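> Show me the folded form of this:
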Amino acid sequence: MSLERDETRPVFMIGVAAEMAGMHPQTLRMYERRGLVQPGRTKGRTRLYSEADLARLRRIQVLGETGLNLAGIERVLDLEQQLEQAMRRVRDLEREVQARMAEHERAIDASRGSMSTEIVHLRRASGPPAVPIKHVIPAGLRPVPRVTDSRDPRRSS
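Alright, predicted model coming up:
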């Protein structure tokens, strides 16, 4: 049995919900007709509001207090819902990208391991190189031979 509260579970009748939201029950009915809130229903068609519905009613009230009319409130709520969906999608995509990156890193590590093993086998199987390999030092990195000057007074002896 879970003790977590389900905020979407409809539990409050319209009178209680209206009192909790600080509104008149008629206002809640009007918001429902406008599609701003959609309470659950019992089998007898009685409206039941959830904690999420109450939070939405409070949000509507705050938006109304800022001077927005119902059309503006409706638009803001729609945009907020779209933003939440977009943010959820971004989070899902981030998790998907991280999982793919981890999968690719594992594949790269596996390839490195098998390539190293293959190189060792090839070196052992081929034996010493047929042509002697001469190490070449690039011109700019060659050591400069020392010039000994017999006229140098410091080297008089």
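> Only C-alpha atoms from now on, for both contacts and neighbour counts.
Noted.
> what about the protein, any weak spots by pLDDT?
For the chain, applying pLDDT under 70 flags the ranges 1-3, 129, 148-157.
> Go again with 90.
1-6, 112-157 (pLDDT under 90).
> By residue count, what's the longest helix in it?
For the chain, the longest helix by residue count, based on DSSP state H, is helix 70-126.
> Quick check: which helices or strands does that helix pack against?
helix 51-65 (3 or more CA pairs under 8 Å, 6 or more residues apart in numbering; DSSP states H and E).
> Identify each buried residue in the helix it packs on, please.
Within helix 51-65, the residues scored as buried using 16 or more other CA atoms under 10 Å are 51, 52, 53, 54, 56, 57, 58, 60, 61, 63.
> tell me the angle of that helix relative to helix 70-126?
120 degrees (axes from the mean of the first three to the mean of the last three CA atoms, to 10 degrees).
> Let's see helix 51-65 as PDB, backbone CA atoms only.
What follows is helix 51-65, C-alpha atoms only, in PDB (Å, rounded to 0.1, in the frame of the first residue of the first chain):
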ATOM      1  CA  GLU A  51      -5.200  18.900  -5.600                       C
ATOM      2  CA  ALA A  52      -4.000  19.500  -9.200                       C
ATOM      3  CA  ASP A  53      -7.300  21.100 -10.100                       C
ATOM      4  CA  LEU A  54      -7.100  23.300  -7.000                       C
ATOM      5  CA  ALA A  55      -3.600  24.400  -8.000                       C
ATOM      6  CA  ARG A  56      -4.800  25.200 -11.400                       C
ATOM      7  CA  LEU A  57      -7.700  27.200  -9.900                       C
ATOM      8  CA  ARG A  58      -5.200  29.200  -7.800                       C
ATOM      9  CA  ARG A  59      -3.100  29.800 -10.900                       C
ATOM     10  CA  ILE A  60      -6.200  31.100 -12.800                       C
ATOM     11  CA  GLN A  61      -6.900  33.400  -9.800                       C
ATOM     12  CA  VAL A  62      -3.300  34.700  -9.900                       C
ATOM     13  CA  LEU A  63      -3.400  35.300 -13.600                       C
ATOM     14  CA  GLY A  64      -6.800  37.100 -13.300                       C
ATOM     15  CA  GLU A  65      -5.300  39.300 -10.600                       C
END
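> Appreciated, that's everything.
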